[in-house]
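Novice: what follows is a predicted structure for the sequence shown.
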Amino acid sequence: MKGKPSSKKSESPIEERKRQLAQEQEANRARLQQHEQFLQDAPKRAEELAKARREKKLESTSRTDRPTGHGRHATLPDPWRPYEINVAVPAQRKRTRAERREGRLLFVFLLLVLIGVSYVLYLNLSLL
């Protein structure tokens, strides 16, 4: 008696090729599905990355308590919200007209003193 035919007969080359093509087709479909899913998720990922980048930039620029050395600059205070700046930093105020006039007079006085001293030195050294 003949036994049951085995389920794994030696396949003909055509059948083997069909099986290989079917496997490749399934692999290609799976990759295509992954790529489509990636393309659908891309705008959401880009938005999340942009939001994270904005938040990081905002956090780093809003800090005023960091040291100002080695190329790191203190952030500028917001002119629209002058009361929210760091209270430890003294506020800059505009100099008054009297203070500016006093500075100019001091400069002229010191310039005249320098000219006088240099004239006296010139006279003393030229007599030698």
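Specialist: All right, it came through fine.

Novice: going by C-alpha atoms from here, please, whenever you check contacts or count neighbours.
Specialist: Will do.

Novice: and this protein, what are its domain boundaries?
Specialist: Following automatic domain parsing, the chain resolves into domains at 13-64, 98-128.

Novice: looking at this protein, which helix or strand does the model trust least?
Specialist: Lowest on mean pLDDT, DSSP states H and E among the helices and strands of the chain sits helix 13-61, with a mean of 92.

Novice: show me how far that helix is from its chain's centre.
Specialist: Taking Cα atoms, centre = their mean, to the nearest Å, one finds helix 13-61 lying 28 Å from the centre of the chain it belongs to.

Novice: which helix or strand lies directly C-terminal to that helix?
Specialist: Sequence order places helix 97-126 as the next helix or strand after helix 13-61, per DSSP states H and E.

Novice: okay, now residue 61: neighbour count?
Specialist: The local packing of residue 61 (other Cα atoms under 10 Å) involves 13 other residues.

Novice: and residue 104, by the same measure?
Specialist: 12.

Novice: with residue 62 instead?
Specialist: 15.

Novice: what separation do you get for it and residue 51?
Specialist: Distance, residue 62 to residue 51, by Cα to Cα, to the nearest Å: 16 Å.

Novice: repeat that for residue 19.
Specialist: For residue 19 relative to residue 51 (Cα to Cα), the value is 48 Å.

Novice: ditto for residue 22
Specialist: Distance from residue 22 to residue 51, by Cα to Cα: 44 Å.

Novice: what do you get for residue 35?
Specialist: Computed as Cα to Cα, the residue 35 to residue 51 distance reads 24 Å.

Novice: likewise residue 119?
Specialist: Distance of residue 119 to residue 51, computed by Cα to Cα: 69 Å.

Novice: same question for residue 27.
Specialist: Residue 27 is 36 Å from residue 51, where distance means Cα to Cα.

Novice: same check, this time on residue 93
Specialist: Distance, residue 93 to residue 51, using Cα to Cα: 37 Å.
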